[in-house]
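Peer 1: here is a sequence together with a model predicted from it:
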Amino acid sequence: MIGAGPRPATSATAPGDGAAAAAPRRITGAQILLESLIREGVDTIFGYPGGANLYVYRHLPSYPQLRHVLVRHEQGAAHAADGYARSRRGSVGVCFATSGPGALNLVTGLGTAFMDSVPVVAITGQVPVGAIGTDSFQESDVIGSTMSVVKHSYLLTRVEDIAPTVKEAFHVARSGRPGPVVIDFPKDLQAEVSEFNYPEGPVRLRSFPPTPEPDPAKLRRIAELIAQAKRPVILAGRGILIAQAEAELLELAHRAHIPVGWTLLGTGAFPLQDPLALQMVGFMGAGYTNKAVCDADVLMMIGMRCDDRVTTRLDSFAPRVEHLIHIDIDPAEIGKNVVPHVSVVADARAALRRLLPMVEPKREHEWLTQIDQWKEEHPVRYVKKPGVLQPQEVLEEMYARCRDEAIVVADVGLNQIWSALWFNYSKPGLFLNSGGLGTMGFAFPASMGVKLANPERTVFCVTGEGGFVMNMQEMATMVENRVDVKVIILNNASLGMVRQFQDDFYDGVRSQVDLTCTPDFVKLGEAFGMKALSTGRSEDVGPMLDEALAHRGPVLLNFDIDPDANVYPIVPLGKGMLDFVEVS
Amino acid sequence: MSQTRLLSVLVENKPGVLNRVASMIRRRGFNIDSLSVGPTEDEAVSRMTIAVHVGRQQAEQATKQLAKLIDVISIDDITGLRSVAHELLLVRMHSPPEKRPEILEVVSIFRGRVVDVAASSLIIEITGSSEKVENFIELMRPYGIKELARSGAVALVRGDRARLSLADLGLNGEGGEESEPAPGLVRIGSVAANTMGDI
C-alpha cells in the first residue's frame, strides 16, 4: 500500500476487529483513532509503543492498510514523518509515541517540522485522564512541552471528541501555512467504547479563517513596479515549493526577464540551468546572488521568512531597493524582519497566477548583462587537490546519477550547504533539508520517510559523520524494512562547519570539534546488516556510487574527504551581504 | 518608541488558552504589563485584555503572532481609541481611628468604597483607569499601605457599535455571515494586508 496517493474519504472500509460496517458501530477509542487516520488518507505511521499507547497497538494489526514502521528512537519517528510529508507534497506525516519520555523524544523533530512548515500529526499516549497532574509513571506535560514548537495541540478528554479532533488536527496541519500538530491521547480513552461517526464535510473553525485571496489592487501595483523596474530580482523560498508554484514562478521570471535567487529551503524552486537563475542567497549564498540583491531596485520575496541567514547583517540587505515586495501566506512574516513596501498575504501559487496576466513582457538588457558579468566574476566553485578527495567531487558524481529524479535529503552543516550549492535539477521539490531549525541527525531518519513515500524514486541521504551518528540507530529500521536509501557520509573527521567557524571567526582555536574517533562505518553498517563501502580516493567515487545504485536495499557509503574543506562563499559573522569571502 | 498598548482579544474558552497566549507573548520577547481574562456574553468565548509595553512594529508583530494561535478568534488593538479601560484596585490601608476621616475623604473623592473594616485597617475598592488607580495609590502611600491587589485593565470601546461583537464575527449565527464591522476593526486573517503596504 506504500506509495499510494492520499485516499479519498470514501475508500475507507476498515474491518475494525471484524465489526460490521453497518450503522454507527461501537468501537474503542484506539480503533476510532486508527479508523480516523484511514479516513484522512494515512497509509504509513512511524512509531514506538509504550505503556500509554498499548491499546492503540493492540488494535493496529487489525488495520493492514496502515503500515507501521517501528523506529528505534522516537526522534527518528518525528523526522521520518517529516520526510514523508515534505517529499509527498500535500500529504501529512504521522508519528506515534508513548507518554513521558516517548513524547519528549519527539520534541526536536516537531521543532524541525515547525520551523520548516511541514504538516505532521503526532499522536502521543498519555496517562489516564484521572491521573493527569499527579506525576504518575511516565507522565509528562506534552501539551506544555511542545507548545512553542507546534502549530496547535489537543489534549483529548472525552472519547466522543476523538474523531472530530483527528479531523480538525489534519485540517490545521495541512492548511494555510502548514505545521505540526500534537494529539495527546490518554490511555483510558483508548479503551473506552463509543459510537464511531467520522464527521462529514469540511472543517470550519471560527478562529482559523481560510487563507485570504490575494488583493487584486496590490497585485496590480506589483505588476506596475515590475514594469518600471530597472534592476528587478526575485527571491524564492520554501513557500513556492509548498504551494507548488514553480511553474508560475518560472513563467513570471521569463515573461519579465527577472533573475531568480533562492533561500536554502527554496533550493529546487527554480532550475539552476535556467539563464535567469541566480543561486542561493545570503550567508553562504553565491556572491553573484548577493550582488544582485544588493543592487536591485525592485526585490520580490515570495514564500520566505527573510531570516538572518538570508539577510546577513540586516542593514546590508538590499540597500538600493526602492520597492520591496513580499508575498507570504503567513501575515506574521510580513514586516517581521524586513518591512516591505507592498505585501500580499496569500498562497504563492494563487498570488502568482493572478499576477501573471497583469505582467507585461519586458527585458532589461543592461541589468541582465550585469548579472551575467557577476556570474562570471563570482562562480560557485571549489579547488581540486591531488590525493585529497573534495566533497564536491562526491556530490558531482552523485548528482550526475540523479538525472533530476532522485530525492536528495541533506543533513546539517557543511554537507548541507555543499549539497544545496551543487544541486542542479530542473525538476522542483527534490532537495530537502532542515533549513530552519538546523537539526543535525535529521537527514538519515527523514530519508527513510522520503523513500517510503516515494518508493519509485532513488533517495540519497547526504550527511556528515557527526550528524549520522546522532540518529544511526535507524539503520536497524532501514534494514528491517529494506528501505532503499543510499547514505552518503562526507566524513571529514570533525564537526566541519563548527571547525570552519572556529578557524575563521573564533581566533582559530579548535575546541571540541575533533571526530577522528568515529566508528569504522563499513563495520558499523555491516553490523546492522547494511551493505557498506568506503573510500578516500576520487577515482573510486563513481564506481562506488554505481555499485550502491545497483544494490537493492540500503547502502552506507563513507567518503573520507579533505578535512580542511570549507564552505565558500561565506559572509563572515557580523558582516554584510557584500563582504562574502570566496574560495582562494 | 515604546508605549503601553491595549489588546482586546477574543479566545475560545478552552483549557490551556491562557497558557498559549502568555507563552506566545513571552516567546517572542514581549513583556506583559497586565492581562485579564473573563467570560463574555457567549459562554464558549472569553475576552482577554492584554496590556503590553512595546513599540508599534512590535505590537503589530505580537498581534499577528497571537492571531495565528488556533484558539484566538480575533484581536483588536484598541490603543488610542475612545474606550473605557478600567481596572479594579483593592487596598488594605493602615488606618488608626484618627486617620480614618482623611482617608475616607480621599476615597469619597475617588468614588471608591470601603469593603472591609477592622480595628486598625480598612480594605478600599477603587475602579477606574490605570491613571486614576495610580493617583489614588500615591495619595494613600503616606498613610501606610499594608497590602494591595490590582486586576489589570478590562476594556470596551465607546459608542453604539461593538467592535468585536460575536455577531460581527459570525459566532452566534450559522457561521461566517458577513456584516459590516465597526470602522477600523482589524480581523485576523487580514491583519497584515490592512496594516502594511504603500497603497
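Peer 2: Done, it's in. Numbering: from 1, shown residues only, chains lettered A, B, ... in the order given.
Peer 1: measure residue A:275 to chain B for me?
Peer 2: 31 Å (C-beta to the nearest C-beta, to the nearest Å). For every residue, glycine as well, the C-beta is placed using N, CA and C.
Peer 1: what's around the residue of chain A found nearest chain B, how many residues?
Peer 2: Among the residues of chain A, residue A:331 lies closest to chain B, at 3.3 Å counting by C-beta to the nearest C-beta. Residues lying near residue A:331 (other C-beta atoms under 10 Å in any protein chain shown) number 27.
Peer 1: kindly report the same for residue A:540.
Peer 2: Neighbours of residue A:540 (other C-beta under 10 Å): 15.
Peer 1: now it: which helix or strand?
Peer 2: helix A:538-550 (DSSP states H and E).
Peer 1: can you point out the buried residues in that helix?
Peer 2: A:538, A:541-542, A:544-545, A:548-549 (16 or more other C-beta atoms under 10 Å in any protein chain shown).
Peer 1: ok, and of those, which contact chain B?
Peer 2: Of the residues in these, proximity to chain B by C-beta under 8 Å from any C-beta of the partner chain holds for none.
Peer 1: in stretch A:220-231, what's buried?
Peer 2: For stretch A:220-231, using 16+ other C-beta under 10 Å, the buried residues are A:221-226, A:229, A:231.
Peer 1: name the nearest of those residues relative to residue B:100.
Peer 2: Residue B:100 lies nearest to residue A:221 out of the buried residues of stretch A:220-231, by C-beta to C-beta, at 68.0 Å.
Peer 1: so which residues on the stretch 251-400 of chain A come close to chain B?
Peer 2: Counting by C-beta under 8 Å from any C-beta, the stretch 251-400 of chain A sits next to chain B at A:323, A:330-332, A:334-336, A:339-345.
Peer 1: run the chain-centre distance for stretch A:188-200.
Peer 2: 33 Å (C-alpha atoms, centre = their mean, to the nearest Å).
Peer 1: kindly report the same for stretch A:185-199.
Peer 2: That offset, for stretch A:185-199, works out to 33 Å (C-alpha atoms, centre = their mean).
Peer 1: how about it and chain B, touching?
Peer 2: No: for stretch A:185-199, no contact with chain B is found by C-beta under 8 Å from any C-beta; the gap never falls below 13.4 Å.
Peer 1: buried stuff in that stretch?
Peer 2: Applying 16+ other C-beta under 10 Å to stretch A:185-199 flags A:185-187, A:189-190, A:192, A:194, A:196, A:198 as buried.
Peer 1: tell me which of the residues you listed fall in strands.
Peer 2: A:185-186, A:194, A:196 (DSSP state E).
Peer 1: quick one: average pLDDT of the lengthiest helix in chain B?
Peer 2: Assignment by DSSP state H gives helix B:56-68 as the longest helix of chain B. In this model, helix B:56-68 carries a mean pLDDT of 88.
Peer 1: who does that helix touch, helix- and strand-wise?
Peer 2: strand B:3-12, helix B:17-27, strand B:45-54, strand B:72-77, helix B:191-195 (3 or more C-beta pairs under 8 Å, 6 or more residues apart in numbering or on different chains; DSSP states H and E).
Peer 1: partners of the first one in the sheet?
Peer 2: The strands beside strand B:3-12 in its sheet (DSSP bridges) come out as strand B:45-54 (antiparallel), strand B:72-77 (antiparallel).
Peer 1: which one of those strands lies nearest to residue A:124?
Peer 2: So among these, strand B:72-77 is nearest, using C-beta to C-beta, at 23.7 Å.
Peer 1: next SSE downstream of the closest one?
Peer 2: Taking DSSP H and E, what comes next after strand B:72-77 is strand B:83-94.
Peer 1: give me the angle between that next one and strand B:72-77.
Peer 2: Our comparison of strand B:83-94 with strand B:72-77, counting by axes from the mean of the first three to the mean of the last three C-alpha atoms, to 10 degrees, yields an angle of 90 degrees.
Peer 1: okay, buried residues for strand B:83-94 please.
Peer 2: Neighbour-count burial for strand B:83-94 [16+ other C-beta under 10 Å]: B:83, B:85-89, B:91-93.
Peer 1: now do the helices in the stretch 451-584 of chain A.
Peer 2: A:465-470, A:475-480, A:496-505, A:521-527, A:538-550 (DSSP state H, counting those that start in this stretch).
Peer 1: same list (those helices) but as JSON lines, adding mean pLDDT.
Peer 2: JSON lines is the format used below for the helices of the stretch 451-584 of chain A (pLDDT from 0 to 100):
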{"stretch": "helix A:465-470", "mean pLDDT": "98"}
{"stretch": "helix A:475-480", "mean pLDDT": "98"}
{"stretch": "helix A:496-505", "mean pLDDT": "96"}
{"stretch": "helix A:521-527", "mean pLDDT": "98"}
{"stretch": "helix A:538-550", "mean pLDDT": "98"}
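Peer 1: and the closest residue to residue B:44 other than its chain neighbours, how many neighbours?
Peer 2: Sequence neighbours aside, residue B:13 is the residue nearest to residue B:44 in space, at 5.4 Å (criterion: C-beta to C-beta, 6 or more residues apart in numbering or on different chains). A count of nearby residues for residue B:13, using other C-beta under 10 Å, gives 17.
Peer 1: now residue 47: closest residue in space, sequence neighbours ignored.
Peer 2: Just going to use chain A. Per C-beta to C-beta, 6+ apart, closest to residue A:47 is residue A:96, 3.0 Å.
Peer 1: that was the other one, I meant chain B.
Peer 2: That would be residue B:40: by C-beta to C-beta, 6+ apart, it lies 5.0 Å from residue B:47.
Peer 1: right, and the one you found touches residue B:73 too?
Peer 2: No: the criterion here is C-beta atoms under 8 Å, and residue B:40 misses it with residue B:73 at 10.3 Å.
Peer 1: which of these two has more neighbours?
Peer 2: A count of neighbours by other C-beta under 10 Å puts residue B:73 above the other of residue B:40 and residue B:73, at 26 against 16.
Peer 1: deepest of the strands paired with strand B:3-12, which one?
Peer 2: strand B:72-77 (a mean of 25; mean count of other C-beta atoms under 10 Å in any protein chain shown).
Peer 1: from the chain's centre, how far out does that strand sit?
Peer 2: With C-alpha atoms, centre = their mean, you get 13 Å for strand B:72-77.
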